[in-house]
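[1] Next one to model:
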Amino acid sequence: MTRVLVEEYGETKALSELYASGDRTHTKMNGAIVFARLAAEELLRQNILSDCLSVAPSLMVSPSSECDFGMVYVGSSSEYLFSVSGSSLDPANGSVTITVTEGYEVSLIKEGDYTSFLRLPYENGELAYTSFYVRFVPGIAGDITGTLALTTGAMKKEILLSGTGLDASTGVRSEVVWKLDGDEQSIVSGPIEALPESWSNMSVSDYNRVGGISEKSQRNLILGGSWPKEEDEVADRYIQFGISIPEGKTFTVDNISFVIAGSGGNGMCYRAHYFKSSDISAVMTLSEQKNMSNGVLNEISVNPMLELSAGEILYIRIYPWYSSVANGKTICLKDVKISGLSKDMSPSNILAEQLSPEIRIDKTAFRDSLTLTYILKNRTRTKISLISASGQLVRSWDRGVQSAGMYNWSIGGSMLNKGTYFISLLTEQGRKTLKVLKK
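    Take a look at the predicted model:
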């Protein structure tokens, strides 16, 4: 039964909806529910344990509890992919109505027309797996919460939506660009400061043309010139760029881009990360590629919407490795850019920074459990979330309004799959995040 279902889903959909991230064997919660329902339905069909089993109508929605869109400029938008399926629905023939509250819109197609509601017809009590998009469209600056509701008959599922609208009408567009066409110097525009490019167990080989274009690129080589055969990044081998924020300023990073290539062979690999100096454990991946085609320039551009305060530093690190033993192969970079919006730090920003909570964990890698310790500097509402490496909410705990003081919260790991997770503490002063590894 499960084989037939997985084949109907197809590989991409099955891995996304049924199985744990990076795992082709263990199911996530939605997969466990689907498979359990299949088993129960088959037992009932064969009149086995029929007096002990029942299959209640269900709507399965992913994400299943909440979705945070992060920060979006007023007048812009951000989309998030959802999915829904239904079994044993009542009435047997009808439709599932999807509605969203103000500030959010829905569509079956990412680039299609968005409205405040959708209707998904179904027959014989079964709604086939259907993807749809929710778009966050802030009309004002500030936090905007909403609700995604899915309704059929007497059944209703609700998912909490949240996002922050940012005012882009004030402030100064600012950027740092490392052209890397002859040296490592940066060009700064606006009230931000560039850190010098730096290398760890890497060095500049030369500046030369790559991929048949006229502009030169910076070609970087491993120290010693010889690459070992490797499967993944090496922690102390990287090329680093960064910016810092001057006193009295805030900076919203809305774009990070660069051009990258491998030269001399087809085995060059890399992974690019970014992280803040104030939250070094919350490392986020910009992009990664393995076995890049020789001399082919790849243009990378992402929109992280990351808020930096005065004194904070944003680092970008590019970790190269090679998939076979090789000599003289280089990783080539050009046009590395960090851009965004600079603003004067308002009194409310200064106060929020002063009241920002402190968080720590008793271990960065765990098996059974770990303890999150956080220190609140004022009375505030708090919420703890556990998020997977793919950005999916795993669990959340609303701690309500808590007074200033130190608190501990234990997070169990027995039901978690192995891999990387992020623990997030959300207060009225903002969000703090730590990275952990489940072994």
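[2] Distance across stretch 19-37, terminal residue to terminal residue?
    Terminal residues of stretch 19-37 are spaced 16 Å apart (CA to CA, to the nearest Å).
[3] can you give me the helices for the protein?
    All helices of the chain, identified by DSSP state H, fall at 2-9, 11-17, 29-45, 347-354.
[4] To residue 228, which of the ones you listed lies closest?
    With CB to CB as the criterion, residue 228 lies closest to helix 11-17 of the helices of the chain, at 31.2 Å. Where you see a C-beta, it was placed from the backbone N, CA and C, and this is true even at glycine.
[5] Need the residues that contact the closest one.
    With CB atoms under 8 Å, 6 or more residues apart in numbering as the test, helix 11-17 has contacts from 6, 9, 24, 30-31, 62, 83, 129.
[6] what is the rounded mean pLDDT of that helix?
    The average pLDDT within helix 11-17 is 75.
[7] Just name the shakiest helix or strand of this protein by mean pLDDT.
    helix 347-354 (a mean of 56; mean pLDDT, DSSP states H and E).
[8] quick one: which of the helices of the chain is nearest residue 148?
    helix 29-45 (16.3 Å).
[9] which helices and strands does the closest one pack with?
    Using 3 or more CB pairs under 8 Å, 6 or more residues apart in numbering; DSSP states H and E, the elements in contact with helix 29-45 are helix 2-9, strand 58-62, strand 78-87.
[10] Show me the contact partners of the shortest one.
    Strand 58-62 is contacted by residues 17, 30, 33-34, 37, 82-89, 96, 127, 150, 152, 155, 157, 159 when judged by CB under 8 Å, 6+ apart.
[11] Kindly report the same for the last one.
    With contact meaning CB under 8 Å, 6+ apart, strand 78-87 is reached by 17, 34, 37, 41, 55, 57-63, 67, 69-70, 72, 96, 98, 110, 120, 122, 125-136, 148, 150, 152, 159, 163.
[12] Pull out the buried residues from these.
    17, 34, 37, 58-63, 67, 69-70, 72, 96, 98, 120, 122, 125, 127, 129-130, 132-136, 148, 150, 152, 159, 163 (16 or more other CB atoms under 10 Å).
[13] Which positions within stretch 295-310 qualify as buried?
    So stretch 295-310, judged by 16+ other CB under 10 Å, has buried residues 295, 297-298, 300, 302, 304-310.
[14] Just the ones in strands from these, please.
    The strands, defined by DSSP state E, take in 298, 300, 302, 306-308 from these.
[15] What ranges does the stretch 251-400 of the chain have for its strands?
    Along the stretch 251-400 of the chain, counting by DSSP state E, counting those that start in this stretch, strands occupy 268-276, 284-292, 298-302, 306-308, 313-322, 326-327, 330-344, 358-361, 365-366, 369-376, 380-388, 393-402.
[16] Surely residue 266 is in contact with residue 289?
    No. Taking contacts as CB atoms under 8 Å, residue 266 lies outside contact range of residue 289: 11.5 Å.
[17] list the buried ones in stretch 156-163?
    Buried, per 16+ other CB under 10 Å, within stretch 156-163: 157, 159, 161-163.
[18] which one among those gets closest to residue 395?
    Taking CB to CB as the measure, residue 395 lies nearest residue 159 of the buried residues of stretch 156-163, at 14.9 Å.
[19] Per-residue pLDDT of that closest one, please?
    pLDDT at residue 159 comes out at 92.
[20] swap in the one 4 residues further on?
    Per-residue pLDDT puts residue 163 at 90.
[21] One more: the one 4 residues further on?
    For residue 167, the pLDDT comes out at 89.
[22] Report the beta-bridge partners for the residue nearest to residue 427 when sequence neighbours are not counted.
    Excluding the flanking residues, the one nearest residue 427 by CB to CB, 6 or more residues apart in numbering is residue 380, at 4.6 Å. As for beta bridges, residue 380 partners with residue 402 under DSSP bridges.
[23] gap between residue 380 and residue 371?
    To residue 371, residue 380 is 20 Å away according to CB to CB, to the nearest Å.
[24] circling back: distance to residue 258 and pLDDT for the buried residues of stretch 295-310 - can I get that in TSV?
    Compiled in TSV, the buried residues of stretch 295-310 are given as follows (distance: CB to CB, whole Å; pLDDT from 0 to 100):
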residue	distance to residue 258	pLDDT
295	17	93
297	10	94
298	9	95
300	5	97
302	10	94
304	13	90
305	18	90
306	16	90
307	21	87
308	19	90
309	25	85
310	26	84
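[25] Spatially, which two of those are the most separated?
    295 and 310 (42.4 Å).
[26] Pass me the low-pLDDT residue ranges in the chain, would you?
    17, 21-23, 29-30, 54-57, 278-281, 346-355, 389-392 (pLDDT under 70).
[27] Could you pull up the contacting residues of the residue nearest to residue 427?
    Residue 380 neighbours (CB under 8 Å, 6+ apart): 355, 357, 401-402, 427-429.
[28] List buried residues within the residues you listed.
    By neighbour count, with 16+ other CB under 10 Å, the contacts of residue 380 hold 355, 357, 402, 427, 429 as buried.
[29] show me what contacts residue 341?
    Residue 341 neighbours (CB under 8 Å, 6+ apart): 166, 168, 171-174, 251-252, 254.
[30] Please indicate which of those are buried?
    166, 168, 171, 174, 251-252, 254.
[31] roughly how far apart are residue 121 and residue 128?
    10 Å.
[32] Next: residue 198.
    For residue 198, the distance to residue 128 (CB to CB) stands at 53 Å.
[33] can you check residue 33 too?
    Relative to residue 128, and taking CB to CB, residue 33 is found at 16 Å.
[34] Columns distance to residue 242 on top of the contacts of residue 380, output as TSV?
    As requested, the contacts of residue 380 are arranged in TSV below (distance: CB to CB, whole Å):
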residue	distance to residue 242
355	27
357	25
401	37
402	35
427	27
428	30
429	25
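[35] coming back round to it: using CSV, lay out the ones in strands among the buried residues of stretch 295-310 together with distance to residue 246.
    Output for those, formatted as CSV (distance: CB to CB, whole Å):
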residue, distance to residue 246
298, 33
300, 27
302, 24
306, 17
307, 15
308, 11
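[36] Can you tell me which of those residues is closest to residue 394?
    Distances from residue 394 to these, taken by CB to CB, are shortest for residue 306, at 22.2 Å.
[37] bridging residues for the closest residue in space to that closest one that isn't next to it in sequence?
    Leaving aside its sequence neighbours, residue 306 sits nearest to residue 253 (CB to CB, 6+ apart; 4.3 Å). Beta-bridge pairing for residue 253 (DSSP bridges): residue 306, residue 340.
[38] what does the one 5 residues further on give?
    On the basis of DSSP bridges, residue 258 takes part in beta bridges with residue 300.
[39] OK, contacts around it?
    Counted by CB under 8 Å, 6+ apart, residue 258 has contacts 272, 300, 318, 333-337.
[40] about what we covered before: I'd like the buried ones among the contacts of residue 341 laid out as CSV, including distance to residue 188.
    Supplementary listing: the buried ones among the contacts of residue 341 in CSV, determined by distance: CB to CB, whole Å:
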residue, distance to residue 188
166, 22
168, 21
171, 16
174, 8
251, 12
252, 17
254, 17
